[in-house]
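Peer 1: structure here, sequence nowhere to be found:
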């Protein structure tokens, strides 16, 4: 290898190593991460609830504009503010928590527009069924968290799903909508 070839090869390797940093792992911060859902109630008010217990991680390469994520939701942690309604939501009519205690979202693709994370494509496993879901990014930011004294990334993400795709059909014939709006508030700490 002549001198010019060696210099070009070294420069190419140096550029390649700086252009794509390794993904950074962030662990879900449970006091700032919740999954909410909304359903209209007979076209009048909106029924809302959230899951209080989630865990998971995000691997993010901001330079390469790529990432993956995994979030596990404890279905028994559902909280609508009405204990009797929570009991019904946990029953086989809806989330069937005894049989399916967890739901999982696994993201394989992060879509950026410049530095802004616009959407995340992945699969949602609920009631034993796995279906593709795309979450639209409403807000995304990374910052140095002053209380935790650690780098944090997070945002708000949402989508609308048809619950019947996962076999959750109770009440549709009575007029309870099939469409469910999912909202995910997430913050994750760099590890």
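Peer 2: Received it, and whenever you're ready, just let me know what you need. The structure presented is a predicted model; accordingly, all values stated were derived computationally and were not measured. Residues are numbered from 1 along each chain as shown.

Peer 1: CA atoms for contacts and neighbours, from now on please.
Peer 2: Noted.

Peer 1: residues near residue 81, how many?
Peer 2: By other CA atoms under 10 Å, 11 other residues sit near residue 81.

Peer 1: how about residue 117?
Peer 2: 21.

Peer 1: what's the answer for the one 3 residues further on, then?
Peer 2: With neighbours defined by other CA under 10 Å, the count for residue 120 comes to 24.

Peer 1: next up, the contacts around it.
Peer 2: 107, 108, 109, 110, 111, 134, 135, 136, 137 (CA atoms under 8 Å, 6 or more residues apart in numbering).

Peer 1: make it 6 Å
Peer 2: 109, 110, 134, 135 (CA atoms under 6 Å, 6 or more residues apart in numbering).

Peer 1: who does the helix or strand containing the second one pair up with?
Peer 2: The secondary structure element spanning residue 110 is strand 102-113 (assigned by DSSP states H and E). Within its sheet, strand 102-113 is paired with strand 66-74 (antiparallel), strand 116-126 (antiparallel), according to DSSP bridges.

Peer 1: low-confidence bits of this protein, can you list those?
Peer 2: In the predicted model, the chain carries pLDDT under 70 at residues 1-21.

Peer 1: please, where are all the helices along it?
Peer 2: Under the criterion DSSP state H, helices of the chain are mapped to 3-19, 83-90.

Peer 1: direction included, what does the lengthiest strand in the chain pair against?
Peer 2: Ranked by residue count and defined by DSSP state E, the top strand of the chain is strand 129-145. Next to strand 129-145 in the sheet, as set by DSSP bridges, lie strand 116-126 (antiparallel), strand 150-162 (antiparallel).

Peer 1: I'd like the ones you listed as CSV, with distance to residue 62 appended.
Peer 2: Converted to CSV, the strands paired with strand 129-145 look like this (distance: least, CA to CA, whole Å):
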stretch, distance to residue 62
strand 116-126, 9
strand 150-162, 11
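
Peer 1: so which of the ones you listed is the most packed in?
Peer 2: strand 116-126 (a mean of 20; mean count of other CA atoms under 10 Å).

Peer 1: gap between it and the chain center?
Peer 2: On the basis of CA atoms, centre = their mean, to the nearest Å, strand 116-126 sits 6 Å off its chain's mean C-alpha point.

Peer 1: again with stretch 71-84
Peer 2: With CA atoms, centre = their mean, you get 16 Å for stretch 71-84.
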